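Asks: Build me a model from this:
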Amino acid sequence: MPNFIDRRLNPKDKSLGNRQRFLKRAREELKRTIKERVKSGKIADVDAEQNVSMPARGVNEPAFQPDSNSGERRHVLPGNREFAAGDRIPKRGSGGGAGNAGAGTGQSEDEFQFVLSREEVLDLFFEDLELPDMVKLNLKESVTFKRRRAGFSASGSPTNINVGRTMRNSYGRRIALRRPSRREIEALADEIAGLETEPRGRIKHRQRLEELRQKLDRLERRRRRIPYVDPVDIRFNRFEPQPLPNASAVMFCLMDVSASMGEREKDLAKRFFVLLHLFLKRRYERIDIVFIRHTDEAGEVDENTFFYSKQSGGTVVSTALEEMLRVIRERYPAHEWNIYAAQASDGENISGDSERCASLLHDELMGLCQYYAYVEIIDERETEIFGTTDNGTSLWRAYRTVDGEWPNFQMTRIAKPADIYPVFRKLFGKQPEMQLRK
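Replies: Predicted coordinates for the structure are as follows:
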């Protein structure tokens, strides 16, 4: 394994090692701030600029300085009325902290605020997810554009010449400059030919013939000076990038909020939902997000209630699928919307309901959805026990039957943020030609 030795000299009064540690500490502070924003903010707000605050104590690089509370220094001071020879002079305090006593003569500093761009926010968000670089670039890509006709241009590629507009400009220019027409020249030539066949005895006849010849010569020279098609006439088809036609997608977020789903599980579920939202935003211009939470009953709620409500109870997963089917039938017909669904659960379900869930997916939902992802959140200690095996909860085993029959269904277990990406591996890859909807 190669060893790299940094032989760069340290700048004046600086240490490269300290600087690297400072940058690492600052980056960790930014990651912590973004993580808190993702945890407490809305899913759609992740894909935007963020105002970030950093404590002022954390923006200065470390440096060595004398300790004001120790050491011994000798000074020659001018006389004064307060101290006499032999008195001990107390040292100044070590800082200007905030305090309640007195008027507060110390100095305090406000937090340092700055704006992170969309790309910087996504970089920090993706760091824990361990996404491949190509996937990061794809997700950070903004709107997809296509070339669309946008009028005409005086310059361009020869393959883009607009013949109709070019000939129209040429015709207008020839009329404005009074370019002699071919019919006019042919008529004049016929008249000259007719006069040449007649006897040339009369003077008027010869003068008329000479005038016609001079006129014909002027018209031909004028016709040569005014080209039929001039470079100023040429027009090219102009194209400009425009967003793809409006395509609408709806993203259903389904989550179990029973007592077994703690803060860690909800945080992992939210990261998963954010990643799916970013993926869909790259492909579709309009995205609606529908939040459905369930215990033994399910209902559509807003995002704040979805993540932070304290309601809990039993677990009947099929109620969430039934609620999703109801919302689709009422507001999102499959022939007008691209439907995506993401379900997060710890796998707990009432006895006998898992088969009902699999039946709903088989018979109703999978034929309407472009993609359905099921994420089962487990403890890190359970990773070695379950791994990629088919063993698990009744809901996991029931969903395995769906996974085997529908190519647009994906399921996995996650225990930490780095486990989220494999869910999207098939979706990001180049999929074979297949009909997802039956």
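
Asks: Surely Pro180 is in a strand?
Replies: No. Pro180: not assigned to a strand; according to DSSP: H, G, I helix; E, B strand; the rest coil it is coil.

Asks: Isn't it up against Arg225?
Replies: No. Taking contacts as C-beta atoms under 8 Å, Pro180 lies outside contact range of Arg225: 10.4 Å. The way it works is simple: take the backbone N, C-alpha and C, and place the C-beta from them, glycine included.

Asks: Of the two, which one has the most company?
Replies: Applying other C-beta atoms under 10 Å to Pro180 and Arg225 shows that Pro180 carries more neighbours, namely 19 against 9.

Asks: All the helices of the stretch 51-200 of the chain, residue numbers only.
Replies: Assigned by DSSP state H, counting those that start in this stretch, the helices in the stretch 51-200 of the chain fall at 118-127, 133-140, 163-176, 182-197.

Asks: overlap in contacts of Pro180 and Arg225?
Replies: Counting by C-beta atoms under 8 Å, 6 or more residues apart in numbering, Pro180 and Arg225 have no contacts in common.

Asks: how far away is Glu336 from Val250?
Replies: With the distance defined as C-beta to C-beta, to the nearest Å, Glu336 ends up 10 Å from Val250.

Asks: ok, then the element right after the helix or strand hosting Arg400?
Replies: Using DSSP states H and E, Arg400 falls within helix 394-405. Heading C-terminal from helix 394-405, the first helix or strand you meet, by DSSP H and E, is strand 409-414.

Asks: Give me the helices and strands touching that next one, please.
Replies: strand 369-377, helix 394-405 (3 or more C-beta pairs under 8 Å, 6 or more residues apart in numbering; DSSP states H and E).

Asks: need the ones you listed in a markdown table with distance to Leu219, mean neighbour count and mean pLDDT, can you?
Replies: Shown next, in a markdown table, are the helices and strands packed on strand 409-414 (distance: least, C-beta to C-beta, whole Å; neighbours: other C-beta atoms under 10 Å; pLDDT from 0 to 100):
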| stretch | distance to Leu219 | mean neighbour count | mean pLDDT |
| --- | --- | --- | --- |
| strand 369-377 | 70 | 23 | 86 |
| helix 394-405 | 83 | 17 | 88 |
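
Asks: rewinding a little: just give me the lowest mean pLDDT stretch among the helices of the stretch 51-200 of the chain.
Replies: Lowest mean pLDDT within those: helix 133-140, a mean of 48.

Asks: Helices of the stretch 201-350 of the chain, start to end?
Replies: All helices of the stretch 201-350 of the chain, identified by DSSP H, counting those that start in this stretch, fall at 203-225, 263-283, 303-308, 318-331.

Asks: From start to finish, how long is stretch 340-351 in a straight line?
Replies: Terminal residues of stretch 340-351 lie 27 Å apart, using C-alpha to C-alpha, to the nearest Å.

Asks: what does the helix holding Arg400 contact?
Replies: Against helix 394-405 from outside (C-beta under 8 Å, 6+ apart): 317, 345, 347-349, 351, 354-355, 357-358, 361-362, 366, 374, 376, 390, 409-411.

Asks: From the residues you listed, keep the buried residues only.
Replies: 317, 345, 347-349, 354-355, 357-358, 361, 366, 374, 376, 409-411 (16 or more other C-beta atoms under 10 Å).

Asks: among those residues, which two are most distant?
Replies: Distance extremes for the buried ones among the contacts of helix 394-405: the farthest pair is Glu348 and Met366 at 22.8 Å, using C-beta to C-beta.

Asks: Isn't Tyr332 up against Val250?
Replies: Yes. Taking contacts as C-beta under 8 Å, Tyr332 lies within contact range of Val250: 4.9 Å.

Asks: what pairs with Ile377 across the strands?
Replies: Note on Ile377: beta-bridge partners Ile414, judged by DSSP bridges.

Asks: who's in contact with Asn237?
Replies: With C-beta under 8 Å, 6+ apart, Asn237 has these contacts: 149, 152-153, 156, 160-162.

Asks: how much does the helix ranked longest in the chain deviate in direction from helix 263-283?
Replies: Across the chain, the longest stretch assigned as helix under DSSP state H is helix 16-40. Between the axes of helix 16-40 and helix 263-283, defined by axes from the mean of the first three to the mean of the last three C-alpha atoms, to 10 degrees, the angle is 90 degrees.

Asks: can you tell me the average pLDDT over helix 16-40?
Replies: Throughout helix 16-40, pLDDT has a mean value of 71.

Asks: for that helix, packing partners?
Replies: strand 50-54, helix 118-127, helix 263-283.
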